[in-house]
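Novice: sequence first, then the predicted structure, then my questions.
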Amino acid sequence: MTRPAIPITTNPAEAAERLRAGGLVVIPTETVYGLGADADNHAALGRVYEVKGRPAGHPLIIHVADLDTAGHWADTSSAAAQALAETCWPGPLTLLLPKRDRVSDIITGGRDTVGIRVPAHPLTLEMLRLHGGAVAAPSANRFGRVSPTTVEHVLDDLTGHLNPDTDLILDGGPSTIGVESTIVDLVADPPEILRPGGIPTEDIERILGLSMGAARGPSRASGMLASHYAPRTPMMLVSDRASATKLADGNTVIIDRTDDLVDAARHLYDDLRRADRAGVDRIVAVLPPATGLGHALRDRLTKAAAGRGPEPPSREG
Ligand code: TXA
Ligand code: MG
(Lines give C-alpha, C1' and ligand atoms only; values in the text may rest on other atoms or scores of the structure.)
(Ligands and ions follow the chains in the order given, each with its own letter.)
Protein backbone atom coordinates (compact mmCIF):
# COMPACT_ATOMS: atom_id res chain seq x y z
CA MET A 1 0.00 0.00 0.00
CA THR A 2 1.39 3.43 -0.83
CA ARG A 3 1.71 5.82 2.05
CA PRO A 4 -0.57 8.88 1.96
CA ALA A 5 1.41 12.01 1.06
CA ILE A 6 2.07 14.78 3.58
CA PRO A 7 -0.15 17.72 2.55
CA ILE A 8 1.70 20.71 1.09
CA THR A 9 0.32 24.25 1.02
CA THR A 10 1.38 27.82 0.25
CA ASN A 11 -1.36 29.24 2.49
CA PRO A 12 -0.05 30.68 5.80
CA ALA A 13 -3.59 30.66 7.31
CA GLU A 14 -3.85 26.90 6.82
CA ALA A 15 -0.43 26.49 8.45
CA ALA A 16 -1.42 28.61 11.46
CA GLU A 17 -4.60 26.53 11.81
CA ARG A 18 -2.65 23.24 11.80
CA LEU A 19 -0.35 24.57 14.51
CA ARG A 20 -3.36 25.59 16.63
CA ALA A 21 -4.83 22.10 16.14
CA GLY A 22 -1.62 20.58 17.56
CA GLY A 23 -0.07 19.40 14.29
CA LEU A 24 3.53 19.90 13.16
CA VAL A 25 4.14 22.35 10.31
CA VAL A 26 7.30 22.36 8.23
CA ILE A 27 8.12 26.05 7.73
CA PRO A 28 10.21 27.76 5.07
CA THR A 29 12.76 30.24 6.36
CA GLU A 30 15.51 32.24 4.69
CA THR A 31 18.11 29.98 6.36
CA VAL A 32 16.79 26.39 6.21
CA TYR A 33 13.38 24.71 6.58
CA GLY A 34 12.20 24.21 10.17
CA LEU A 35 10.01 21.55 11.80
CA GLY A 36 7.55 23.70 13.74
CA ALA A 37 5.28 23.13 16.72
CA ASP A 38 3.14 25.52 18.78
CA ALA A 39 5.45 26.46 21.67
CA ASP A 40 2.54 26.12 24.15
CA ASN A 41 1.59 22.60 23.06
CA HIS A 42 3.63 20.01 24.99
CA ALA A 43 2.43 17.02 23.00
CA ALA A 44 3.39 18.71 19.71
CA LEU A 45 6.80 19.71 21.14
CA GLY A 46 7.40 16.09 22.13
CA ARG A 47 6.62 14.98 18.59
CA VAL A 48 9.26 17.36 17.19
CA TYR A 49 11.95 15.35 19.00
CA GLU A 50 10.37 12.08 17.87
CA VAL A 51 10.01 13.03 14.19
CA LYS A 52 13.53 14.46 14.08
CA GLY A 53 15.03 11.58 16.06
CA ARG A 54 16.68 14.20 18.29
CA PRO A 55 17.83 13.46 21.86
CA ALA A 56 15.87 15.38 24.54
CA GLY A 57 18.81 17.44 25.85
CA HIS A 58 19.14 19.40 22.59
CA PRO A 59 17.07 22.59 22.99
CA LEU A 60 14.84 24.15 20.33
CA ILE A 61 14.81 27.76 19.17
CA ILE A 62 11.49 29.59 18.98
CA HIS A 63 10.24 31.78 16.15
CA VAL A 64 8.02 34.84 16.59
CA ALA A 65 6.55 37.53 14.32
CA ASP A 66 8.32 40.57 15.82
CA LEU A 67 10.41 42.02 18.63
CA ASP A 68 7.31 42.89 20.72
CA THR A 69 6.13 39.28 20.67
CA ALA A 70 9.67 38.12 21.50
CA GLY A 71 9.35 40.09 24.73
CA HIS A 72 6.55 37.74 25.88
CA TRP A 73 8.93 34.77 25.67
CA ALA A 74 12.33 36.19 26.59
CA ASP A 75 13.80 39.20 28.36
CA THR A 76 14.68 41.39 25.39
CA SER A 77 15.27 44.53 27.44
CA SER A 78 19.09 44.72 27.31
CA ALA A 79 20.69 47.32 25.05
CA ALA A 80 22.52 44.57 23.16
CA ALA A 81 19.31 42.61 22.53
CA GLN A 82 17.50 45.71 21.33
CA ALA A 83 20.35 46.79 19.04
CA LEU A 84 20.78 43.35 17.44
CA ALA A 85 17.03 42.72 17.07
CA GLU A 86 16.34 46.14 15.60
CA THR A 87 19.18 45.81 13.09
CA CYS A 88 18.88 42.14 12.13
CA TRP A 89 15.23 41.06 12.56
CA PRO A 90 13.53 39.73 10.55
CA GLY A 91 16.66 37.82 9.61
CA PRO A 92 19.11 34.99 10.25
CA LEU A 93 19.98 35.86 13.86
CA THR A 94 19.04 33.85 16.97
CA LEU A 95 19.46 35.54 20.35
CA LEU A 96 20.05 33.46 23.46
CA LEU A 97 18.25 35.37 26.24
CA PRO A 98 16.85 34.80 29.74
CA LYS A 99 13.55 32.94 29.22
CA ARG A 100 10.13 33.91 30.53
CA ASP A 101 8.36 31.41 32.83
CA ARG A 102 5.91 30.34 30.13
CA VAL A 103 8.68 28.77 27.99
CA SER A 104 8.44 24.99 28.44
CA ASP A 105 11.39 22.91 29.68
CA ILE A 106 10.77 20.74 26.61
CA ILE A 107 11.98 23.68 24.50
CA THR A 108 14.99 24.64 26.62
CA GLY A 109 16.01 21.23 27.96
CA GLY A 110 15.59 22.70 31.45
CA ARG A 111 17.89 25.71 30.83
CA ASP A 112 16.95 29.20 32.00
CA THR A 113 17.76 30.64 28.56
CA VAL A 114 15.84 30.45 25.30
CA GLY A 115 16.98 30.90 21.71
CA ILE A 116 14.62 33.19 19.78
CA ARG A 117 14.41 34.73 16.32
CA VAL A 118 12.17 36.48 13.80
CA PRO A 119 12.67 34.69 10.46
CA ALA A 120 12.63 36.70 7.22
CA HIS A 121 10.47 34.45 5.02
CA PRO A 122 7.19 36.22 4.04
CA LEU A 123 4.97 33.09 4.28
CA THR A 124 6.32 32.08 7.68
CA LEU A 125 6.14 35.66 8.98
CA GLU A 126 2.49 35.84 7.92
CA MET A 127 1.81 32.45 9.57
CA LEU A 128 3.47 33.69 12.78
CA ARG A 129 1.38 36.89 12.72
CA LEU A 130 -1.82 34.90 12.30
CA HIS A 131 -0.76 32.43 15.00
CA GLY A 132 0.19 35.20 17.38
CA GLY A 133 2.37 33.04 19.64
CA ALA A 134 5.71 31.29 19.26
CA VAL A 135 6.67 28.35 17.07
CA ALA A 136 9.49 26.09 18.23
CA ALA A 137 11.42 24.72 15.26
CA PRO A 138 14.70 22.91 14.78
CA SER A 139 15.94 22.37 11.23
CA ALA A 140 13.60 19.90 9.48
CA ASN A 141 16.18 17.16 8.92
CA ARG A 142 16.68 13.88 10.78
CA PHE A 143 19.13 14.37 13.65
CA GLY A 144 22.79 14.73 12.59
CA ARG A 145 22.00 14.90 8.88
CA VAL A 146 22.28 17.71 6.36
CA SER A 147 19.78 20.57 6.88
CA PRO A 148 17.01 21.00 4.27
CA THR A 149 16.76 24.05 2.01
CA THR A 150 13.91 22.79 -0.22
CA VAL A 151 10.66 20.88 0.28
CA GLU A 152 12.20 18.00 -1.65
CA HIS A 153 14.98 17.76 0.97
CA VAL A 154 12.36 17.72 3.74
CA LEU A 155 10.41 14.92 2.05
CA ASP A 156 13.61 12.89 1.59
CA ASP A 157 14.23 13.03 5.34
CA LEU A 158 10.82 13.15 7.02
CA THR A 159 8.44 11.13 4.84
CA GLY A 160 7.34 8.23 7.03
CA HIS A 161 7.99 10.25 10.19
CA LEU A 162 5.43 13.05 9.70
CA ASN A 163 1.73 12.24 10.08
CA PRO A 164 -0.32 13.09 6.94
CA ASP A 165 -3.48 13.39 9.06
CA THR A 166 -2.16 16.09 11.38
CA ASP A 167 0.99 17.62 9.84
CA LEU A 168 1.56 20.02 6.96
CA ILE A 169 4.35 21.45 4.82
CA LEU A 170 4.29 25.18 4.04
CA ASP A 171 6.11 25.45 0.70
CA GLY A 172 8.05 28.69 0.37
CA GLY A 173 10.53 27.66 -2.33
CA PRO A 174 14.30 27.25 -1.85
CA SER A 175 15.86 28.99 1.18
CA THR A 176 17.69 32.09 -0.01
CA ILE A 177 20.54 32.16 2.52
CA GLY A 178 21.01 28.42 2.90
CA VAL A 179 22.87 28.14 6.22
CA GLU A 180 21.33 28.36 9.70
CA SER A 181 21.03 31.52 11.76
CA THR A 182 23.94 32.99 13.68
CA ILE A 183 23.40 32.26 17.41
CA VAL A 184 24.57 35.01 19.77
CA ASP A 185 24.62 34.24 23.50
CA LEU A 186 23.65 37.48 25.23
CA VAL A 187 23.54 35.85 28.66
CA ALA A 188 27.30 35.33 28.54
CA ASP A 189 29.39 38.34 29.52
CA PRO A 190 30.85 39.40 27.15
CA PRO A 191 28.39 38.09 24.52
CA GLU A 192 29.57 35.13 22.45
CA ILE A 193 28.83 33.69 19.05
CA LEU A 194 27.74 30.09 19.70
CA ARG A 195 27.16 29.25 16.05
CA PRO A 196 28.37 31.28 13.06
CA GLY A 197 25.55 31.62 10.53
CA GLY A 198 23.66 33.81 8.09
CA ILE A 199 24.67 37.11 9.73
CA PRO A 200 28.44 37.47 9.46
CA THR A 201 30.43 37.65 12.72
CA GLU A 202 31.83 41.02 11.60
CA ASP A 203 28.30 42.52 11.48
CA ILE A 204 27.53 41.35 15.03
CA GLU A 205 30.82 42.82 16.23
CA ARG A 206 30.07 46.13 14.57
CA ILE A 207 26.56 46.36 16.04
CA LEU A 208 27.75 45.44 19.55
CA GLY A 209 30.97 47.43 19.31
CA LEU A 210 32.89 44.35 20.47
CA SER A 211 35.59 42.09 19.14
CA MET A 212 34.45 38.48 19.32
CA GLY A 213 37.60 37.02 17.81
CA ALA A 214 37.98 34.22 20.35
CA ALA A 215 34.50 32.90 19.60
CA ARG A 216 35.07 32.59 15.86
CA GLY A 217 35.86 28.88 15.84
CA PRO A 218 33.40 26.04 15.23
CA SER A 219 30.01 26.38 16.89
CA ARG A 220 29.60 25.73 20.60
CA ALA A 221 25.81 25.90 20.96
CA SER A 222 24.62 23.45 23.54
CA GLY A 223 23.95 20.02 22.11
CA MET A 224 26.13 20.63 19.09
CA LEU A 225 28.39 17.77 18.21
CA ALA A 226 31.69 17.69 16.37
CA SER A 227 30.03 15.59 13.68
CA HIS A 228 26.84 17.14 12.32
CA TYR A 229 25.34 18.32 9.03
CA ALA A 230 26.86 15.13 7.69
CA PRO A 231 26.46 13.61 4.25
CA ARG A 232 26.66 9.80 4.05
CA THR A 233 29.60 10.06 1.66
CA PRO A 234 33.07 10.36 3.24
CA MET A 235 34.28 13.91 2.92
CA MET A 236 37.64 15.65 3.13
CA LEU A 237 38.57 19.30 3.33
CA VAL A 238 41.37 21.09 1.53
CA SER A 239 42.51 24.67 1.49
CA ASP A 240 42.69 25.30 -2.25
CA ARG A 241 41.49 24.14 -5.64
CA ALA A 242 44.85 22.65 -6.67
CA SER A 243 44.87 20.30 -3.67
CA ALA A 244 41.28 19.29 -4.43
CA THR A 245 42.16 18.42 -8.01
CA LYS A 246 45.17 16.39 -6.85
CA LEU A 247 42.95 14.34 -4.51
CA ALA A 248 40.11 13.91 -6.95
CA ASP A 249 40.86 10.49 -8.35
CA GLY A 250 38.07 8.29 -9.67
CA ASN A 251 34.62 8.73 -8.28
CA THR A 252 34.95 12.07 -6.47
CA VAL A 253 32.85 15.21 -6.30
CA ILE A 254 34.66 18.51 -5.69
CA ILE A 255 32.75 21.27 -3.94
CA ASP A 256 34.44 24.60 -4.59
CA ARG A 257 32.31 27.71 -4.52
CA THR A 258 34.94 29.83 -2.81
CA ASP A 259 34.59 32.59 -5.46
CA ASP A 260 31.14 33.59 -4.24
CA LEU A 261 30.33 32.95 -0.59
CA VAL A 262 26.65 33.95 -0.89
CA ASP A 263 26.22 31.40 -3.66
CA ALA A 264 28.26 28.86 -1.66
CA ALA A 265 25.96 29.18 1.36
CA ARG A 266 22.81 28.99 -0.75
CA HIS A 267 23.92 25.75 -2.40
CA LEU A 268 25.92 24.06 0.39
CA TYR A 269 23.33 21.60 1.65
CA ASP A 270 22.01 20.81 -1.82
CA ASP A 271 25.59 20.15 -2.97
CA LEU A 272 26.07 17.67 -0.08
CA ARG A 273 22.74 15.94 -0.71
CA ARG A 274 23.42 15.69 -4.47
CA ALA A 275 26.79 14.09 -3.81
CA ASP A 276 25.05 11.48 -1.63
CA ARG A 277 22.45 10.80 -4.31
CA ALA A 278 25.12 10.51 -7.02
CA GLY A 279 26.70 7.67 -5.04
CA VAL A 280 30.28 8.97 -5.35
CA ASP A 281 33.08 7.50 -3.20
CA ARG A 282 34.04 10.79 -1.65
CA ILE A 283 33.52 14.52 -1.52
CA VAL A 284 36.48 16.91 -1.54
CA ALA A 285 35.48 20.40 -0.40
CA VAL A 286 37.58 23.56 -0.64
CA LEU A 287 37.38 25.64 2.56
CA PRO A 288 36.41 29.28 1.96
CA PRO A 289 38.24 32.13 3.71
CA ALA A 290 37.16 33.00 7.29
CA THR A 291 35.35 36.17 6.35
CA GLY A 292 31.64 37.06 6.00
CA LEU A 293 29.58 33.93 5.35
CA GLY A 294 32.89 32.04 5.24
CA HIS A 295 32.73 31.61 9.05
CA ALA A 296 29.46 29.65 8.77
CA LEU A 297 30.62 27.71 5.71
CA ARG A 298 33.85 26.62 7.39
CA ASP A 299 31.91 25.56 10.50
CA ARG A 300 29.41 23.43 8.52
CA LEU A 301 32.03 21.89 6.23
CA THR A 302 34.24 21.02 9.21
CA LYS A 303 31.35 19.33 10.99
CA ALA A 304 30.22 17.57 7.81
CA ALA A 305 33.72 16.11 7.42
CA ALA A 306 34.35 15.40 11.12
CA GLY A 307 36.37 12.25 11.61
CA ARG A 308 36.55 11.63 7.86
CA GLY A 309 39.20 13.89 6.36
CA PRO A 310 42.96 14.45 6.51
CA GLU A 311 42.60 17.79 8.33
CA PRO A 312 41.18 16.88 11.73
CA PRO A 313 38.54 19.36 12.90
CA SER A 314 38.58 20.81 16.40
CA ARG A 315 36.31 18.95 18.80
CA GLU A 316 34.82 20.73 21.71
CA GLY A 317 31.66 18.67 22.05
O1 TXA B 1 18.33 29.09 11.08
C2 TXA B 1 18.00 28.44 12.08
O3 TXA B 1 18.37 28.74 13.22
C4 TXA B 1 17.07 27.23 11.86
C5 TXA B 1 15.73 27.74 11.34
C6 TXA B 1 14.69 26.65 11.23
O7 TXA B 1 15.25 28.77 12.17
N8 TXA B 1 16.92 26.48 13.07
C9 TXA B 1 17.91 25.70 13.59
O10 TXA B 1 17.54 25.00 14.72
O11 TXA B 1 19.02 25.63 13.10
P12 TXA B 1 18.41 23.75 15.26
O13 TXA B 1 17.59 23.20 16.37
O14 TXA B 1 18.71 22.82 14.14
O15 TXA B 1 19.67 24.42 15.83
C16 TXA B 1 19.58 25.27 16.97
C17 TXA B 1 20.79 25.15 17.83
C18 TXA B 1 20.95 23.77 18.44
O19 TXA B 1 22.31 23.39 18.34
C20 TXA B 1 20.60 23.97 19.88
O21 TXA B 1 21.32 23.11 20.72
C22 TXA B 1 20.98 25.42 20.11
O23 TXA B 1 20.63 26.05 18.91
N24 TXA B 1 20.17 26.02 21.20
C25 TXA B 1 18.85 26.27 21.17
N26 TXA B 1 18.43 26.75 22.35
C27 TXA B 1 19.51 26.83 23.15
C28 TXA B 1 19.74 27.23 24.51
N29 TXA B 1 18.75 27.67 25.29
N30 TXA B 1 21.02 27.15 24.99
C31 TXA B 1 22.02 26.71 24.21
N32 TXA B 1 21.87 26.30 22.95
C33 TXA B 1 20.65 26.36 22.40
MG1 MG C 1 19.84 21.63 12.93
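Specialist: Yes, it's here. Ligands and ions are numbered 1, 2, ... in the order given.
Novice: grab the nearest non-local neighbour of Ala5.
Specialist: Once flanking residues are discounted, Ala5 sits nearest to Pro164: 6.4 Å by CB to CB, 6 or more residues apart in numbering. Quick note: C-beta positions are derived from backbone N, CA and C, even for glycine.
Novice: where does pLDDT dip in the stretch 51-200 of the chain?
Specialist: Within the stretch 51-200 of the chain, no range satisfies pLDDT under 70.
Novice: and the strands in the chain?
Specialist: 8-9, 25-27, 34-38, 61-63, 93-98, 113-117, 135-136, 168-170, 182-185, 192-195, 235-238, 252-255, 282-286 (DSSP state E).
Novice: which of the ones you listed is buried the deepest?
Specialist: strand 34-38 (a mean of 29; mean count of other CB atoms under 10 Å).
Novice: now do the contacts for Arg257.
Specialist: 263-264, 267-268, 271, 288 (CB atoms under 8 Å, 6 or more residues apart in numbering).
Novice: in JSON lines: these, plus distance to ligand 1 and pLDDT.
Specialist: Listed next are the contacts of Arg257 as JSON lines, based on distance: CB to the nearest ligand atom, whole Å; pLDDT from 0 to 100:
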{"residue": "Asp263", "distance to ligand 1": "18", "pLDDT": "98"}
{"residue": "Ala264", "distance to ligand 1": "17", "pLDDT": "98"}
{"residue": "His267", "distance to ligand 1": "16", "pLDDT": "98"}
{"residue": "Leu268", "distance to ligand 1": "13", "pLDDT": "97"}
{"residue": "Asp271", "distance to ligand 1": "18", "pLDDT": "96"}
{"residue": "Pro288", "distance to ligand 1": "19", "pLDDT": "97"}
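Novice: Thr252: which of those is nearest?
Specialist: The shortest gap between Thr252 and any of those belongs to Asp271, at 13.3 Å (CB to CB).
Novice: next, count neighbours for that closest one.
Specialist: Applying other CB atoms under 10 Å, we find 20 residues neighbouring Asp271.
Novice: which residue sits closest to it, ignoring its sequence neighbours?
Specialist: Nearest-residue entry for Asp271: Ile255, 5.0 Å, with adjacent residues in sequence omitted and distances by CB to CB, 6+ apart.
Novice: what about the one you found, distance to Ala305?
Specialist: 11 Å (CB to CB, to the nearest Å).
Novice: ok, now Lys52?
Specialist: Distance check for Lys52 against Ala305: by CB to CB, it reads 22 Å.
Novice: ditto for Met236
Specialist: 6 Å.
Novice: from what I can see Thr182 touches Leu96, true?
Specialist: No. If you go by CB atoms under 8 Å, Thr182 and Leu96 don't touch, sitting 11.0 Å apart.
Novice: any residues in contact with both of the two?
Specialist: When CB under 8 Å, 6+ apart defines a contact, no residue borders Thr182 and Leu96 alike.
Novice: burial count for the spatially closest residue to Gly292 that is not a sequence neighbour?
Specialist: Nearest residue to Gly292, sequence neighbours excluded (CB to CB, 6+ apart): Pro200, at 4.6 Å. Residues lying near Pro200 (other CB under 10 Å) number 19.
Novice: return the residues in contact with Pro200.
Specialist: 182, 291-293, 295.
Novice: quick one: which of the residues you listed is nearest ligand 1?
Specialist: Ligand 1 lies nearest to Thr182 out of the contacts of Pro200, by CB to the nearest ligand atom, at 8.5 Å.
Novice: got the contact list for the closest one?
Specialist: Contacts of Thr182 (CB under 8 Å, 6+ apart): 92-94, 193, 195-201, 204, 296.
Novice: before we move on, back to that, quick one: closest of the strands of the chain to Asp276.
Specialist: Comparing the strands of the chain by CB to CB, strand 282-286 comes nearest, at 8.7 Å.
Novice: in its sheet, what does that closest one sit against?
Specialist: Counting by DSSP bridges, the strands paired with strand 282-286 are strand 235-238 (parallel), strand 252-255 (parallel).
Novice: nearest residue to the middle of this structure?
Specialist: Residue closest to the average C-alpha location in the chain (CA atoms, centre = their mean): Glu180, at 3.5 Å.
Novice: OK, contacts around the one residue in the stretch 51-200 of the chain that gets nearest to ligand 1?
Specialist: Using CB to the nearest ligand atom, the single residue of the stretch 51-200 of the chain nearest to ligand 1 is Pro138, 3.0 Å away. Pro138 sits next to 34-35, 48, 52, 54, 58, 60-61 when contact means CB under 8 Å, 6+ apart.
Novice: quick check: the two most widely separated of these?
Specialist: Gly34 and His58 (14.3 Å).
Novice: quickly list what Val238 is bridged to.
Specialist: What pairs with Val238, by the bridge criterion (DSSP bridges), is Val286.
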